[in-house]
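Colleague: Sequence and predicted model, in that order:
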Amino acid sequence: MADKIKDAKIVFVVGGPGSGKGTQCEKIVAKYGYTHLSSGDLLRAEVASGSERGKQLQAIMQKGELVPLDTVLDMIKDAMIAKADVSKGYLIDGYPREVKQGEEFEKKIGAPALLLYIDAKAETMVKRLVKRGETSGRADDNEETIKKRLDLYYKATEPVIAYYEKRGIVRKIDSELPVDEVFTIVEKAIDELK
Ligand SMILES: Nc1ncnc2c1ncn2[C@H]1C[C@H](O)[C@@H](COP(=O)(O)OP(=O)(O)O)O1
Ligand SMILES: [Mg+2]
């Protein structure tokens, strides 16, 4: 399996909830033809399927907590294999959420070539999420859960950035700017990979 995807670029897309990861990933897909895998979307699809596993996941996500590592990693891996023959690159959006998740990913799948750190202020993220909550239908886009997700982001996910910074693969993206300006910075980071 690792063989099948070893030539494809792996990009981790890391940032707080509402920072704009999904928005930028969509634009990368449109321009570069990468495969976008959002761990949250994969999990929500499982919930929507109504399976027993989905029900357990929903309870965890509603509380703003992290779901078990193996569950997420298996889903990402299956989704990557499914696209292995056509994919030039993979955007792994919303994963790793903690350093351990990154280590496990590398053991089972491969090393990232780049980490896009989508950076916005807490205040900005809250505003965007509350707004997104008006239409997203996401059970976790409410103020109480948003606060928990932000706390968990600062505690568990920021160390991920420090971990990969040591390898020199982190590109910090100022996501306070308008979407298209953010993308201009993103494009430079992706173009460096070629
Ligand atoms: N640079 C930007 N300026 C203004 N709004 C933005 C933005 N990037 C994203 N948004 C909006 C779109 C969404 O409604 C909301 C959250 O964006 P998202 O891409 O869904 O975030 P994430 O996937 O990181 O949780 O904020
Ligand atoms: Mg998202």
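Modeller: Done, it's in. Ligands and ions are numbered 1, 2, ... in the order given.

Colleague: what about Thr71, helix or strand, and which?
Modeller: Assessed by DSSP states H and E, Thr71 sits inside helix 69-82.

Colleague: Correction: the previous question concerned Gly22.
Modeller: helix 21-32.

Colleague: Other residues contacting that helix?
Modeller: 13-15, 34-36, 38, 88-89, 91, 93-94, 116, 118, 173, 175, 179, 182-183, 186-187, 190 (C-beta atoms under 8 Å, 6 or more residues apart in numbering). C-beta here means a position set from N, CA and C on the backbone, and glycine is covered the same way.

Colleague: Would you write a ChimeraX line that selects the buried entries of those?
Modeller: A single ChimeraX command selects the buried members of those (16 or more other C-beta atoms under 10 Å):
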select :13,14,15,34,35,36,38,89,91,93,94,116,118,173,175,182,183,186,190
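
Colleague: SS state for Phe12?
Modeller: strand (DSSP: H, G, I helix; E, B strand; the rest coil).

Colleague: related to what we said a few turns ago, can you pull the buried residues of the helix holding Gly22?
Modeller: Lys21, Gly22, Gln24, Cys25, Ile28, Tyr32.

Colleague: overlap between the contacts of helix 21-32 and the residues near ligand 1?
Modeller: When contact is defined as C-beta under 6 Å from any ligand atom, the contacts of helix 21-32 meet ligand 1 at Gly15, Ser175, Val179, Val182.

Colleague: Now, these that are in strands?
Modeller: Gly15 (DSSP state E).

Colleague: between the ones next to ligand 1 among the contacts of helix 21-32, which is closest to ligand 2?
Modeller: Gly15 (9.1 Å; C-beta to the ion).

Colleague: how far does stretch 176-194 sit from the chain's center?
Modeller: Distance of stretch 176-194 from its chain centroid, counting by C-alpha atoms, centre = their mean, to the nearest Å, is 16 Å.
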